[in-house]
Each structure stands twice: as C-alpha cells, then as structure tokens.
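K.L.:
Predicted coordinates and the sequence they were generated for:
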Amino acid sequence: MVKAVVAGASGGIGQLSPLVDELALYDVVNTPGVATDLSHISSTAKVTGYLPKDDGGKIAFKDADIIVIPAGIPRKPGMTRDDLFNINAGIVKGLIEIAAEVAPKAYILVISNPVNSTVPIAAEVLKAKGVFNPQRLFGVTTLDIVRAETFVAEIAGKKTGSELTVPVIGGHSGETIVPLFSKVSPSVTIPDDKYDALVNRVQFGGDEVVKAKDGAGSATLSMAFAGYRFAEKVLRAAKGEKGLVEPSFVYLKGIPGGEEIAKATGLEFFSVPVELGPNGAEKATNPLTGITEKEKSLVDVAVQGLKTNIEKGISFAHNPPQK
Ligand SMILES: NC(=O)C1=CN([C@@H]2O[C@H](COP(=O)(O)OP(=O)(O)OC[C@H]3O[C@@H](n4cnc5c(N)ncnc54)[C@H](O)[C@@H]3O)[C@@H](O)[C@H]2O)C=CC1
Ligand SMILES: O=C([O-])CC(=O)C(=O)O
C-alpha cells in the first residue's frame with residue numbers, strides 16, 4: 001500500500017494523480033470538490049479530501065509514504081520567486097511540522113517557491129523535531145530539466161526533449177539555475193551564437209510563463225507534468241527499480257557522494273543528479289567534474305545567489321516573525 005498526500009491540492013499544480021493506492025488531498029479550500037472529481041478516474045487509488053478543520057492536516061498526512069507540497073501563492077508579473085517568501089515560508093513550515101509529527105518517514109517533495117529557501121526551512125524544521133532524513137527531502141527542480149530538454153531539442157533538431165537528458169544543477173530561480181549543455185546525453189552541439197540565449201531561456205523559463213499568463217499565475221500544467229515525473233520516479237525507485245536518476249535540490253551532507261559537492265560549492269544545499277532508491281536519494285553525482293569554463297562561471301554566480309537564499313530560509317526557521 002502506498003499512501004500519497006498532496007498539500008496545496010486545490011491549486012493549479014496540485015491536481016495531479018500519482019500512481020498510488022491512497023491519495024489524500026489537503027488544502028485550506030476546495031479539497032472536497034477536487035477529491036470527488038479525481039475519485040471518478042478509473043484508478044485503484046482511494047481519493048480523500050481534507051480541510052484544516054477537525055485536524056484535517058494531521059489525518060491527511062498520517063503515515064503517508066510520499067508528501068508533495070505545492071501549497072502557497074504563485075508569482076505575478078514583476079515578482080521574483082523570493083517575493084513569495086514572506087507568505088510561502090510560513091505555509092511550508094506549518095506543513096512540514098505536521099509531516100514531522102505524523103509521517104516522519106515520508107519522502108517529502110517541496111514544490112512551493114522559493115524552493116531555494118523553502119527546502120532549507122523544511123530541513124531545519126525536521127532537524128528540530130529530530131526526524132530529518134536528508135535522503136528523503138527533495139526540492140523539485142524537474143521543471144528546469146524539462147524546459148532544458150525541450151529548448152535544447154528545438155536547437156538540436158530533435159523531435160522531442162524526451163530523447164535527451166540535460167542535467168540542470170544549482171537552484172530554482174533565475175541565475176541559480178545552471179544548465180550543463182556540455183553534459184547532454186546523447187551529446188549535442190550548441191552553436192556559440194545561441195549559447196547565451198539558451199542558458200537565459202532555461203534560467204528564466206518561469207518568467208516566460210508568468211508574463212504570458214499576465215497576472216493569472218505561473219506554470220501549472222508543465223509543473224504538474226514535471227512533478228508527476230519526479231514523484232513517479234521516487235515511487236518506482238522505492239519499489240526497487242534501479243538506475244533512476246533525476247536532479248533535485250537536496251541537503252548534500254546527508255547523501256552519499258554529496259559531501260564533496262558541499263565542499264566544492266561551500267553550500268549545504270544544491271541541486272545535483274541523485275540516484276533514487278528505496279532509501280530516497282541513494283547517491284549524489286558530482287556534476288562539476290569536467291564542466292566547461294563558461295559553465296564554471298555560471299556555477300560561481302549561482303553559488304552566490306544560493307548562499308543568500310539558503311541562509312534566509314535557515315534563519316526564518318529559527319526566528320519566524322512573531323504574529
Ligand atoms: N518548483 C517549481 O518548479 C515550481 C513551483 N511553483 C510554485 O508552486 C506553488 C503553487 O503554485 P500554484 O499551484 O500555481 O498556485 P495556486 O495558488 O493555484 O495553488 C496553491 C494552493 O495552495 C493552497 N494553500 C495555501 N496555503 C495552504 C496551506 N497552509 N496548506 C495547504 N494548502 C495551502 C491554496 O489554497 C491553493 O489552492 C507556488 O509557490 C509556485 O511558485 C510553481 C511552478 C513550478
Ligand atoms: O516561475 C515561477 O514562479 C514558477 C516556477 O517556479 C517555474 O515555472 O519554474
């Protein structure tokens with residue numbers, strides 16, 4: 001039996017249907033409707049919806065195997081992901097507190113932005129409750145990889161991005177997002193005159209959507225695709241499938257292979273390709289070996305931005321503003 005929880009389930013991203021036996025939806029609004037809607041899909045999953053009243057959060061999260069968190073506000077044009085911090089930091093903190101109490105062994109997938117700060121908040125909350133397992137906490141950066149695959153495929157003349165593996169590392173906002181085109185598999189040649197624009201499009205793909213939606217939010221459908229891809233890999237790996245690798249924003253020191261990346265970057269958190277397995281992130285691969293000079297300078301810029309974002313999250317977790 002696999003129980004999955006989606007917290008923030010009534011939003012644009014939350015309405016996805018993972019491959020699970022039991023799907024508990026939690027949100028501050030609308031979950032009865034979303035749950036009824038999803039329950040009509042001919043899958044084996046039992047779908048239930050919970051609201052905060054009557055301890056709905058705790059009941060929804062209780063003994064979950066995987067908890068996906070897309071709860072919180074999305075961007076509007078002109079905003080950075082960091083502008084979401086003041087509202088979303090508290091939302092993520094509250095949800096992780098529930099997870100720590102009633103589902104301490106769950107794989108936790110944080111989608112809520114700013115991921116560069118919400119994942120450190122989650123780690124600190126779990127540490128304070130004595131249940132932090134770094135191998136089971138993931139910042140979801142898969143949409144950056146999906147975008148990179150799509151945009152590289154366009155330039156490389158491939159039919160679809162799914163023919164390519166494009167590592168994207170670092171964080172999940174603007175210049176903290178670092179695509180490694182030198183490590184695309186199968187390898188591609190990016191013409192020099194297209195390189196900078198391609199990097200920029202991957203780094204600011206989210207802004208492209210925010211602008212086009214013109215006030216109606218940020219990416220939801222492509223994020224649902226990306227979230228599903230990542231969650232499904234975590235679940236397949238949990239069931240014993242081998243060779244499943246996907247980059248994710250993780251706490252490096254708690255994952256085999258992560259220590260050397262933490263040393264090289266001076267950061268505790270960084271998105272790196274992780275090999276998934278029953279324990280969660282079984283191994284982190286050092287993506288920095290053999291990268292080009294251009295990629296090295298992108299990493300340097302990313303590291304600076306990430307340092308600030310990570311510190312902001314950690315400090316919020318220890319000193320949340322008084323209400
Ligand atoms: N990691 C990534 O690649 C991406 C992250 N995002 C982020 O995902 C988040 C959600 O985006 P959307 O679904 O478009 O927003 P949305 O506004 O459509 O949905 C968010 C949902 O969260 C719910 N919510 C608010 N407080 C809550 C709480 N305390 N507990 C449970 N649910 C709560 C809201 O009621 C709403 O239904 C945003 O922060 C957005 O920036 C969006 C796209 C990509
Ligand atoms: O751009 C945003 O705010 C949402 C997001 O994280 C993305 O689409 O990558």
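P.N.:
Perfect, thanks for sending it. Ligands and ions are numbered 1, 2, ... in the order given.
K.L.:
Looking at the stretch 101-250 of the chain, which residue is nearest ligand 2?
P.N.:
Nearest residue of the stretch 101-250 of the chain to ligand 2: Gly206, at 2.3 Å (Cβ to the nearest ligand atom). To be clear about C-beta, it is placed using only N, CA and C from the backbone, and glycine gets the same treatment.
K.L.:
Now tell me what touches the helix or strand harbouring that residue from outside.
P.N.:
Element membership for Gly206 (DSSP states H and E) is helix 205-213. Identification of contacts with helix 205-213 by Cβ atoms under 8 Å, 6 or more residues apart in numbering yields 75-77, 79, 81, 143-144, 147, 151, 173, 201, 217-219, 222.
K.L.:
Just the buried subset of the residues you listed, please.
P.N.:
Arg75, Arg81, Leu143, Asp144, Arg147, Phe151, Ser173, Arg201, Gly217, Ser218, Ala219, Ser222 (16 or more other Cβ atoms under 10 Å).
K.L.:
how near is the spatially closest residue to Asn116 that is not a sequence neighbour to Lys58?
P.N.:
Closest residue to Asn116 apart from its sequence neighbours, by Cβ to Cβ, 6 or more residues apart in numbering: Asn309 at 3.6 Å. Remark: distance between Asn309 and Lys58 (Cβ to Cβ, to the nearest Å) = 30 Å.
K.L.:
If you count surrounding residues, which of the two has more?
P.N.:
Legend: neighbour count by other Cβ atoms under 10 Å for Asn309 and Lys58, higher for Asn309 (25 against 16).
K.L.:
Buried residues, the helix or strand harbouring that one. List them.
P.N.:
Applying DSSP H and E as the criterion places Asn309 in helix 293-318. Residues of helix 293-318 classed as buried by neighbour count (16+ other Cβ under 10 Å): 295, 298-299, 302-303, 305-307, 309-310, 312-314, 316-317.
K.L.:
chain center to that helix: distance?
P.N.:
With Cα atoms, centre = their mean, to the nearest Å as the basis, helix 293-318 stands 16 Å off its chain's centre.
K.L.:
Check stretch 222-230 too.
P.N.:
Centroid separation for stretch 222-230 versus its chain: 9 Å, with Cα atoms, centre = their mean.
K.L.:
got the CA positions of it in PDB?
P.N.:
What follows is stretch 222-230, C-alpha atoms only, in PDB (Å, rounded to 0.1, in the frame of the first residue of the first chain):
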ATOM      1  CA  SER A 222       4.100  21.900 -17.200                       C
ATOM      2  CA  MET A 223       4.800  21.800 -13.500                       C
ATOM      3  CA  ALA A 224       2.200  19.100 -13.000                       C
ATOM      4  CA  PHE A 225       4.000  17.100 -15.700                       C
ATOM      5  CA  ALA A 226       7.300  17.700 -14.100                       C
ATOM      6  CA  GLY A 227       6.000  17.000 -10.600                       C
ATOM      7  CA  TYR A 228       4.500  13.800 -11.700                       C
ATOM      8  CA  ARG A 229       7.700  12.700 -13.500                       C
ATOM      9  CA  PHE A 230       9.700  13.200 -10.300                       C
END
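K.L.:
Tell me the buried residues in it?
P.N.:
Buried-residue list, stretch 222-230, by 16+ other Cβ under 10 Å: Ser222, Met223, Ala224, Phe225, Ala226, Gly227, Tyr228, Arg229, Phe230.
K.L.:
before we move on, the earlier item: wait, which of the contacts of helix 205-213 is closest to Asn30?
P.N.:
Of all the contacts of helix 205-213, Asn30 sits closest to Gly217, with 15.4 Å by Cβ to Cβ.
K.L.:
My read is that that closest one contacts Pro74, right?
P.N.:
Yes - with contacts counted by Cβ atoms under 8 Å, Gly217 reaches Pro74, the gap being 4.4 Å.
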